[in-house]
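Student: output the structure for:
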Amino acid sequence: MLRSSLSKASTRVLQSSRCAAPSSRRFSTLPTTPRTAATQTLAASRRPLSLTARRHYASATDNAPDPNDNFLSGNTANYIDEMYMQWKEDPKSVHVSWQVYFRNMESGDMPISQAFTPPPSLVPGATGGVPRLAAGSAEGTEVANHLKVQLLVRAYQARGHNKANIDPLGIRNEQKGFGNIKPKELTLEHYQFTEKDLDTEYSLGPGILPRFKREGREKMTLREIIDACERIYCGSYGIEFIHIPDREKCDWLRERLEVPQPFKYSIDEKRRILDRLIWSSSFESFLSTKYPNDKRFGLEGCETLVPGMKALIDRSVDYGVKDIVIGMPHRGRLNVLSNVVRKPNESIFSEFAGTAGAEDEGSGDVKYHLGMNFERPTPSGKRVQLSLVANPSHLEAEDPVVLGKTRAIQHYNNDEKAHRTAMGVLLHGDAAFAAQGVVYECLGFHSLPAFSTGGTIHLVVNNQIGFTTDPRFARSTAYCTDIAKAIDAPVFHVNADDVEAVNFLLSLMRVLWYFA
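Tutor: Numbers count the residues shown, from 1 in each chain. Okay, the predicted model is just below:
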């Protein structure tokens with residue numbers, strides 16, 4: 001860019017000198033009076049360059065700078081030499097663009113000035129989209145298209161969640177600013193691809209679904225690549241993880257997501273999920289029929305939370321967790337008490353009927369504020385101690401209590417460094433998670449040595465309304481979970497109508513918590 005700017009500047013100077021030269025010649029033909037030697041010397045120094053000199057500088061600007069000069073000079077030449085030696089030993093050990101360059105250099109089929117084909121700019125032009133490249137060799141075009149496909153896959157990783165079907169109500173729209181905005185980076189036109197390019201095959205590898213190569217495939221058509229990205233990143237769940245600066249964590253997620261089939265449940269596993277879902281739905285149906293006039297903060301529409309939480313607990317126990325501390329608001333608390341923490345249903349129903357006896361001399365509390373402790377068995381035969389802390393009417397007030405209790409358990413287990421024996425799980429409403437300051441304050445504990453619990457799993461039950469407030473008037477961000485990006489946490493958005501996707505993501509979150 002600097003060389004180009006200097007060339008343009010010198011061209012403008014030469015053009016101005018050419019325009020000035022005839023004018024100088026015209027003035028030189030006017031009659032003059034006799035001058036002294038000093039005057040003549042000064043005038044001669046002000047004369048324009050001779051035709052020969054001007055022709056020399058003009059011809060210098062006619063030759064465009066050799067693109068090879070940009071990297072075949074200075075200390076960079078040593079780096080190119082090393083890559084060349086690597087290419088001689090193994091052509092695949094260097095990037096495909098360098099493979100083409102070295103091959104063109106050795107073949108001698110084209111001048112050195114044409115052997116190098118610069119890759120397309122990663123920055124879109126002023127009109128949007130990826131700039132078109134000048135027509136060149138077939139190999140250069142192939143390299144350019146390969147890089148475009150890499151950019152397309154990267155766009156799905158970064159923006160696929162905007163297109164994902166994560167709203168079971170279908171009320172998000174572009175006008176509100178919270179909807180499926182269908183990013184232009186996910187369109188063929190953005191990369192100057194057409195329908196005819198969909199059947200072109202591209203080699204799989206870094207940047208283009210490398211995990212699909214394990215299935216024995218070396219190439220996929222552009223159509224198949226787009227279909228795979230749509231299925232992975234734009235299905236019933238969307239994932240935000242590109243904002244994480246640690247590339248190892250991003251690669252860890254891609255290893256488990258960018259596969260032909262991220263999850264597949266056996267018949268027995270599907271029956272277990274269905275059984276748990278039936279218990280959750282039946283509980284809500286019974287309460288709404290038996291006690292229609294009682295306030296209960298039901299879980300209708302998000303009954304999949306219960307089988308999802310059970311899958312999370314089962315997977316946690318497999319990784320050595322012995323204690324799980326849970327905090328949650330009113331919404332769905334009775335269902336979680338009944339089906340996850342196993343509070344006896346007769347005890348819950350007696351609280352609705354008003355026949356429950358007071359356990360102490362206190363003034364009592366409403367049924368959807370109460371907590372519970374329970375030692376729960378898991379399908380693997382292991383047991384885990386569950387503790388659902390009590391919740392006041394002040395939303396999110398239980399968050400620091402859960403973190404403190406989890407940290408205390410780790411302290412008494414001599415587990416303050418590894419954080420493997422106890423885990424905290426916090427449930428939130430969408431409006432409270434985005435608006436309550438205590439949420440951000442608790443997120444800030446994640447890396448403090450004296451307060452960290454090794455990570456907390458946050459579940460947001462998003463019913464898309466904050467008591468009576470529309471999301472448009474409750475927050476300034478597209479997602480209620482955008483605050484979590486402040487600590488570089490991955491965010492998973494999932495449609496609650498897809499119970500298998502809910503189970504998969506909650507199990508994945510548990511594994512991510514273990515390896516973080």
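
Student: what's the host helix or strand of residue 439 packed up against?
Tutor: Secondary structure from DSSP states H and E places residue 439 in helix 437-443. The contact analysis (3 or more CB pairs under 8 Å, 6 or more residues apart in numbering; DSSP states H and E) places helix 437-443 against helix 399-412. Every C-beta, even on glycine, is put in place using the N, C-alpha and C of the backbone.

Student: what does the helix holding residue 439 contact?
Tutor: Among residues not part of helix 437-443, those counted as contacts by CB atoms under 8 Å, 6 or more residues apart in numbering are 396-397, 399-400, 403, 426, 428, 432-433, 456, 483-484, 486-487, 489.

Student: now restrict the residues you listed to buried residues only.
Tutor: Buried residues within those, defined by neighbour count using 16 or more other CB atoms under 10 Å: 396, 399, 403, 426, 428, 432-433, 456, 483-484, 489.

Student: of those residues, closest to residue 162?
Tutor: Lowest distance from residue 162 to the buried ones among the contacts of helix 437-443 (CB to CB) belongs to residue 484, with 16.9 Å.

Student: now do the contacts for the nearest residue to that closest one once chain neighbours are set aside.
Tutor: Closest residue to residue 484 apart from its sequence neighbours, by CB to CB, 6 or more residues apart in numbering: residue 491 at 5.6 Å. With contact set as CB under 8 Å, 6+ apart, residue 491 has these partners: 239-241, 479, 481-482, 484-485.

Student: if we can go back for a sec, just the ones in helices from the buried ones among the contacts of helix 437-443, please.
Tutor: Among the buried ones among the contacts of helix 437-443, the members found in helices (DSSP state H) are 399, 403, 432-433.

Student: looking at these, which is nearest residue 229?
Tutor: The shortest approach to residue 229 among these belongs to residue 433, at 28.9 Å (CB to CB).

Student: surely that closest one and residue 482 touch.
Tutor: No: using CB atoms under 8 Å, residue 433 is not in contact with residue 482, being 9.9 Å away.

Student: off-centre distance for the host helix or strand of residue 230?
Tutor: Per DSSP H and E, residue 230 falls inside helix 222-233. Here the centre of helix 222-233 is set off from its chain's centre by 16 Å, with CA atoms, centre = their mean, to the nearest Å.

Student: got it, and stretch 196-205?
Tutor: Stretch 196-205 sits 24 Å away from the centroid of its parent chain (CA atoms, centre = their mean).

Student: now do the end-to-end distance for it.
Tutor: The straight-line separation of the ends of stretch 196-205 (CA to CA, to the nearest Å) is 23 Å.

Student: what sits up against that stretch?
Tutor: Applying CB under 8 Å, 6+ apart, the contact partners of stretch 196-205 are 145-146, 149, 188, 208, 210, 212-213, 217-223, 225-226.

Student: part of a helix, is residue 92?
Tutor: Yes: when DSSP: H, G, I helix; E, B strand; the rest coil is applied, residue 92 is found to be in a helix.

Student: what sits against it?
Tutor: Going by CB under 8 Å, 6+ apart, residue 92 touches residue 99.

Student: got it, and residue 311?
Tutor: Contacts here follow CB under 8 Å, 6+ apart; on that basis residue 311 touches 273, 503, 506-507.

Student: ok, now with 6 Å
Tutor: By CB atoms under 6 Å, 6 or more residues apart in numbering, the contact list for residue 311 reads 503, 506-507.

Student: that one sits in which helix or strand?
Tutor: Residue 311 belongs to helix 305-318 when elements are defined using DSSP H and E.

Student: what does residue 104 give?
Tutor: Per DSSP H and E: residue 104 is located in helix 96-107.

Student: any idea how far stretch 194-208 is from the chain center?
Tutor: Centroid separation for stretch 194-208 versus its chain: 22 Å, with CA atoms, centre = their mean.

Student: what about the stretch 351-500 of the chain, any weak spots by pLDDT?
Tutor: For the stretch 351-500 of the chain, the stretches with pLDDT under 70 are 356-364.

Student: again, only using 80
Tutor: Where the stretch 351-500 of the chain drops to pLDDT under 80, the residues are 355-365.

Student: what lines up beside the biggest strand by length in the chain in the sheet?
Tutor: Ordering each strand of the chain by length in residues (DSSP state E) puts strand 422-429 first. Strand 422-429 has the following strand partners under DSSP bridges: strand 323-327 (parallel), strand 456-461 (parallel).

Student: ranking these by burial, who's on top?
Tutor: Mean neighbour count (mean count of other CB atoms under 10 Å) peaks for strand 323-327 among the strands paired with strand 422-429, with a mean of 24.

Student: residues touching that one, excluding its own?
Tutor: Contacts with strand 323-327, where a contact means CB under 6 Å, 6+ apart, come from 385-389, 398, 402, 405-406, 409, 422-426.

Student: still on that earlier bit, in a markdown table, list the strands paired with strand 422-429 along with distance to residue 283.
Tutor: Formatted as a markdown table, the strands paired with strand 422-429 follow (distance: least, CB to CB, whole Å):
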| stretch | distance to residue 283 |
| --- | --- |
| strand 323-327 | 17 |
| strand 456-461 | 16 |
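
Student: which of those strands sits closest to residue 294?
Tutor: For the strands paired with strand 422-429, proximity to residue 294 was assessed by CB to CB; strand 456-461 is nearest, at 20.2 Å.

Student: now the closest one - C-alpha only, PDB.
Tutor: Extracted C-alpha coordinates of strand 456-461, given in PDB (Å, rounded to 0.1, in the frame of the first residue of the first chain):
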ATOM      1  CA  THR A 456     -21.200 -21.700  37.000                       C
ATOM      2  CA  ILE A 457     -23.800 -22.900  34.500                       C
ATOM      3  CA  HIS A 458     -26.400 -20.300  33.800                       C
ATOM      4  CA  LEU A 459     -29.800 -21.300  32.300                       C
ATOM      5  CA  VAL A 460     -32.100 -18.500  31.100                       C
ATOM      6  CA  VAL A 461     -35.800 -19.400  30.700                       C
END
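
Student: listing partners with orientation, what would you give for the helix or strand just after it?
Tutor: Note on strand 456-461: by DSSP H and E, the next helix or strand toward the C-terminus is strand 491-494. In the sheet, strand 491-494 lines up against strand 237-240 (antiparallel) (DSSP bridges).

Student: which residues touch the residue lying closest to residue 277 once chain neighbours are set aside?
Tutor: Once flanking residues are discounted, residue 277 sits nearest to residue 307: 5.2 Å by CB to CB, 6+ apart. Going by CB under 6 Å, 6+ apart, residue 307 touches 273, 276-277.

Student: re earlier: would you turn the ones in helices among the buried ones among the contacts of helix 437-443 into TSV with distance to residue 413?
Tutor: Shown next, in TSV, are these (distance: CB to CB, whole Å):
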residue	distance to residue 413
399	22
403	16
432	31
433	29
